[in-house]
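Chemist: please work out how this folds:
(chains A, B and C)
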Amino acid sequence: MMLEVQAVGKRFVGLQALKGVTFALAEGEILGLIGPNGAGKTTLFNTINGVFRPDTGRIIFRGEDLTGQPPWEAARRGMARTYQVVRPLNELSVLENVIAGACFGRHALSVRKAAVVAAGVLEMLGLSKQTCQPAGSLNVAEKKRLELARGLAARPYLLLLDEVLAGLNPSEISGMVNIILKIRDSGITILMIEHVMQAVMKVSDRLIVLDDGELIAEGRPSEITNNPVVVHAYLGDPRDAERLMAGGRA
Amino acid sequence: MRILISLLDGLLIGFVYGLSSMGLSLIWGVMKVINLSHGAIMALGMFFSYAAISRFHPGLALPAVAVFGMLLGLLIYGVAVHRVISAPHLSSLLATFAVNMIIIGVGTAVFSTSPRNIDYSAGALVLGDIRLPGSRLLAAGASILVTALLYYFLYRTRSGKAIRAVANNRLAAGLMGISPTRSLALSFSIGTGLAALAGGLVATIFPFTILSGSTYEVKSFVICVLGGLGNPLGALLGGLVLGGIEGIVPTFMPVSWVPVLEFGLFILVLVLRPGGLLGEK
Amino acid sequence: MKRWYQVGFWLPVAIMLAWGAAVWAGGEDAAREKAFTLIMFVGLASSLNILLGYTGYVSFGHIVFFGLGGYMGFYLMAVCAWSLPLAALAGGVVSALIAGLLGLAVLRLRGAYFALATIGINEAARSFVSNFEPFGGSTGLSLNFSVYQQYGGAGKALWLTFALMVAVTASAILVSAMIKNSRFGLGLLAIREDEDAAMVMGVRTPRAKTIAYMASAFFPGVIGTLYFFKNGNVEPGDAFQLHMSIELLVMVMLGGQGTVLGPLLGAVTYQGMRGYMLTSPLFKDLHLAVAGAVLLLIVLFVPAGLVGWLRGYFPKLRRALE
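Modeler: Next comes the predicted model:
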């Protein structure tokens, strides 16, 4: 098992953000994490990654208990993560950003070796022409690819993608989807939060659905789309819709 | 008994400390800028009140000091702060510090460093063995009055509510039709007006030079952190705490240890409860 | 990332050593005095840059390490009869250790809170030392003139101090260059740009910040000891001047924060300006105001400082201007 999340709970003042979430991720899988806004998906990432310490439960990464360890421990063991709202190191160049990713990832590379890795990753993601530009000067799509490049340069076993497709136009989305598949084919396991439904359905081997902090469904994309609990979570009670259309009140 | 007198003395001054920190706290709370020219503005307030009180009745002179401070604040905001309001903190810290240097530099050239003193006596209130100087009582009273006015302004007037909205979420406030620049400039100038006024009050109690402001500025930092940056009531309370310490400690320790305690407390609060004893607002 | 043989790397160090050698060869006292002060500020500014420019932590009270290290070194010479080089080294080490301890508490603070804390630390140190009898309380400590005989007389002692100052500053610049081009330095720059992202990337941020803080405190400690040795005495008012601390900040910003050459250019330019103004009848009383105006202009319009401006104007020289 690449990752085991066991009964993880997290409370913020006045809000139980995660309630006993349990699931497992096998090596080489692409697992999609979906759910309505505010369901706690990013919070879940933050507990897996070490940014938050879960109140209850455990995070087991490749057999090792990482619960509550600071984020750099996860990074050093081979877990990389991208952010929903990208966080490039603005004043540093594109190349330096990716070198940083390589230096502090799974292998503690020297700057010279990291530069070689970085150049390769940037080529794969089509950013070779921008290597000397400051990261802050890229456009949104390029910044997303940079964020991804930085994560890949760390040579992770597991890549956590937080809405990597958000803000992209359809052609950019299909380009990114191809990249994600290539990443999986190179042996990296992926856990991705997504709202772009057709993409995540196409790409994922399995899906898990989070609503209001709880895991409400798990299974293959075809099973999930027809699951009434899932539909209810996103769209509300289907019977309300029928009643409204019949001219009554919900 | 001696301790009680010292304590009361300290508390009275504490009100003025609180007033002086309120301006700093307000500016921080609304725009996340630490006004490093705070002390210099207080010093200018001291000089202004020195000039004004010798000519006019204090009841007229002190509001004039406040207005002077506010106008100065508008100028400083327009020239130095506006451009860096959304830049990283370092920029606004340095910008306001630069203003500080300019004011002190020009002030030293114009006023020299010889101390001035306002010849002002308001008698004293005598309660049995306790003698409370009138000037201190009036200063404390003025501070309390101004605090009340500030609260009324912030919570009961439209401009005040606009300021609170901008402090809460600048972007959203702008989208709601509130001009952020207007509110930011207004709150900055209120902050400087409070500083100048506090300086003016201090001048009625102690002698001063152009450099006196810096001691109060550092005290204001301590007070703001104690009371929670952005929390004007916290500033008043923090001022009382500091004033109280300054009043009591010299009765059983050499006076020179007071700064050590003050800064020790400062660092302790910063590290343990950065939100201040009352929490930020 | 520059290698040690590339121009951008060794140029600043070379400038410092050449300058020192020129003054030494010239043998003139006046030139030495002027150079001493300038080189001192270059060293102080370079060390502040490690914390401010690379890690992004704004310290307003950095002078506290100059004071504490200087006091420690001075004490060792005046009371324990240590030799200057050893005492200076000890001053640096003590400063670094204090920084390590303080860091545990204050490096957790961010942005403006950290800046305020550094002011508090400086003021606390000053008040504490004023009350601390072994360090002479509010009157401070003095060196018995006979101490200078150890070094062959006052004249020779002053030249020795100068040589040591050049060595320390050159080391500070060298360390600064080494950090900037290392993996460690990249971690610091990542912290500066986005501390949370740096953590997630795998940078051990508490450790990195502490090392940077300690490195930035070491050199001022050594420099302080040298300065007070030359002065012959040390007192709280001289050792913890908040004013001096802020001037260091101006120098780093003026020259270009986060660069190796910046603190050097900034210190020289600022001191040059200051020297000019103090002697000019027009500006004599206004030098502080003018410095303030200059700082304001830089912050508002040229935040990358002199080095940034030069790199913009002379793109061919970019490789050298690091």
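Chemist: thought C:Gly70 was touching C:Glu235?
Modeler: No. Counting by Cβ atoms under 8 Å, C:Gly70 does not reach C:Glu235; the two are 10.8 Å apart. Yep, even glycine has a C-beta here, placed from its N, CA and C like the rest.
Chemist: those two - which one has more neighbours?
Modeler: Neighbour totals were compared for C:Gly70 and C:Glu235, and C:Gly70 leads with 29 against 20 (other Cβ atoms under 10 Å in any protein chain shown).
Chemist: tell me which element the more buried one is part of?
Modeler: Using DSSP states H and E, C:Gly70 maps to helix C:63-78.
Chemist: kindly state the beta-bridge partners for the closest residue in space to A:Leu25 that isn't next to it in sequence.
Modeler: Distances taken as Cβ to Cβ, 6 or more residues apart in numbering or on different chains put A:Leu3 closest to A:Leu25, at 4.1 Å, once the chain neighbours are dropped. Listed beta-bridge partners, A:Leu3: A:Leu25, A:Phe61 (assigned using DSSP bridges).
Chemist: contacting residues around A:Leu3?
Modeler: A:24-25, A:48, A:59-62, A:158, A:189, A:191 (Cβ atoms under 8 Å, 6 or more residues apart in numbering or on different chains).
Chemist: and those residues, which are buried?
Modeler: Buried by 16 or more other Cβ atoms under 10 Å in any protein chain shown: A:25, A:48, A:59-62, A:158, A:189, A:191, out of the contacts of A:Leu3.
Chemist: got CSV for the residues you listed, with pLDDT too?
Modeler: Converted to CSV, the buried ones among the contacts of A:Leu3 look like this (pLDDT from 0 to 100):
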residue, pLDDT
A:Leu25, 92
A:Ile48, 93
A:Ile59, 93
A:Ile60, 93
A:Phe61, 93
A:Arg62, 92
A:Leu158, 94
A:Thr189, 94
A:Leu191, 94
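Chemist: now, which of these sits nearest chain C?
Modeler: Using Cβ to the nearest Cβ, A:Ile48 comes nearest to chain C of the buried ones among the contacts of A:Leu3, at 11.4 Å.
Chemist: nearest spatial neighbour of that closest one, chain-adjacent residues omitted?
Modeler: In this structure, A:Ile48 finds its nearest non-sequential neighbour in A:Ile59, 5.5 Å apart by Cβ to Cβ, 6+ apart.
Chemist: show me what the closest residue in space to A:Lys41 that isn't next to it in sequence is bridged to.
Modeler: Excluding the flanking residues, the one nearest A:Lys41 by Cβ to Cβ, 6+ apart is A:Ile193, at 4.6 Å. For A:Ile193, the beta-bridge partners under DSSP bridges are A:Leu33, A:Asp162.
Chemist: A:Ile193: neighbour count?
Modeler: Using other Cβ under 10 Å, A:Ile193 is surrounded by 24 other residues.
Chemist: go ahead and confirm it touches A:Glu163.
Modeler: Yes. With contacts counted by Cβ under 8 Å, A:Ile193 reaches A:Glu163, the gap being 5.5 Å.
Chemist: common neighbours of the two, please.
Modeler: A:Gln84.
Chemist: between the contacts of A:Leu3, which is nearest C:Val93?
Modeler: C:Val93 has its nearest neighbour among the contacts of A:Leu3 in A:Phe61, at 40.5 Å by Cβ to Cβ.
Chemist: surely that closest one and A:Pro156 touch.
Modeler: No. Counting by Cβ under 8 Å, A:Pro156 is not a contact partner of A:Phe61; they are 10.7 Å apart.
Chemist: what sits in contact with each of those two?
Modeler: Contact criterion Cβ under 8 Å, 6+ apart; residues shared by A:Phe61 and A:Pro156: A:78-79.
Chemist: residues contacting residue 214?
Modeler: No chain specified, so I'll use chain A. Neighbouring residues of A:Glu214 by Cβ under 8 Å, 6+ apart: A:19-21.
Chemist: switch to chain C, please.
Modeler: Counting by Cβ under 8 Å, 6+ apart, C:Met214 touches C:96-97, C:99-100, C:103.
Chemist: and whichever residue of the stretch 1-150 of chain B sits closest to chain A, how many neighbours does it have?
Modeler: Distance from chain A to each residue of the stretch 1-150 of chain B (Cβ to the nearest Cβ) is smallest for B:Pro88, at 10.7 Å. Residue neighbour count, defined by other Cβ under 10 Å, stands at 12 for B:Pro88.
Chemist: B:Leu74 too?
Modeler: B:Leu74 has 16 neighbouring residues, counting by other Cβ under 10 Å.
Chemist: state the phi and psi torsions of it.
Modeler: phi -60, psi -40 (degrees, to the nearest 10).
Chemist: could you report the pLDDT at C:Gln6?
Modeler: We note a pLDDT of 77 for C:Gln6 in this prediction.
Chemist: quick one, longest helix in chain A?
Modeler: helix A:170-185 (DSSP state H).
Chemist: returning to what we had before: which elements pack onto the helix or strand where the residue nearest to A:Ile48 lies?
Modeler: Per DSSP H and E, A:Ile59 falls inside strand A:56-61. Identification of packing neighbours for strand A:56-61 by 3 or more Cβ pairs under 8 Å, 6 or more residues apart in numbering or on different chains; DSSP states H and E yields strand A:3-12, strand A:15-25, helix A:41-49.
Chemist: now do 6 Å
Modeler: Other helices and strands packing on strand A:56-61, by 3 or more Cβ pairs under 6 Å, 6 or more residues apart in numbering or on different chains; DSSP states H and E, are strand A:3-12.
Chemist: list just the nearest of the contacts of C:Met214 to chain A.
Modeler: C:Gly103 (16.9 Å).
Chemist: what about the closest one, distance to chain B?
Modeler: Taking Cβ to the nearest Cβ, to the nearest Å as the measure, C:Gly103 falls 11 Å from chain B.
Chemist: what about the helices in the chain?
Modeler: Looking at chain A here, since you left the chain open. Counting by DSSP H, the segments of chain A that form helices are A:41-49, A:71-76, A:94-103, A:111-124, A:140-153, A:170-185, A:197-203, A:221-225, A:228-235, A:238-245.
Chemist: to clarify, I was referring to chain B.
Modeler: Using DSSP H, the helices of chain B run over B:2-31, B:38-53, B:58-76, B:89-111, B:134-156, B:158-168, B:170-175, B:180-203, B:213-227, B:232-248, B:258-272.
Chemist: what's the neighbour count on whichever residue of the stretch 101-250 of chain C sits closest to chain A?
Modeler: Distances between the stretch 101-250 of chain C and chain A by Cβ to the nearest Cβ are smallest at C:Gly202, namely 3.2 Å. Using other Cβ under 10 Å, C:Gly202 is surrounded by 28 other residues.
Chemist: same thing with the one 5 residues further on?
Modeler: As a burial measure, C:Arg207 scores 12 neighbours (other Cβ under 10 Å).
Chemist: helix, strand or coil for C:Leu288?
Modeler: Following DSSP: H, G, I helix; E, B strand; the rest coil, the label given to C:Leu288 is helix.
Chemist: pretty sure it is touching B:Met101, no?
Modeler: Yes. Counting by Cβ atoms under 6 Å, C:Leu288 touches B:Met101, with 5.3 Å between them.
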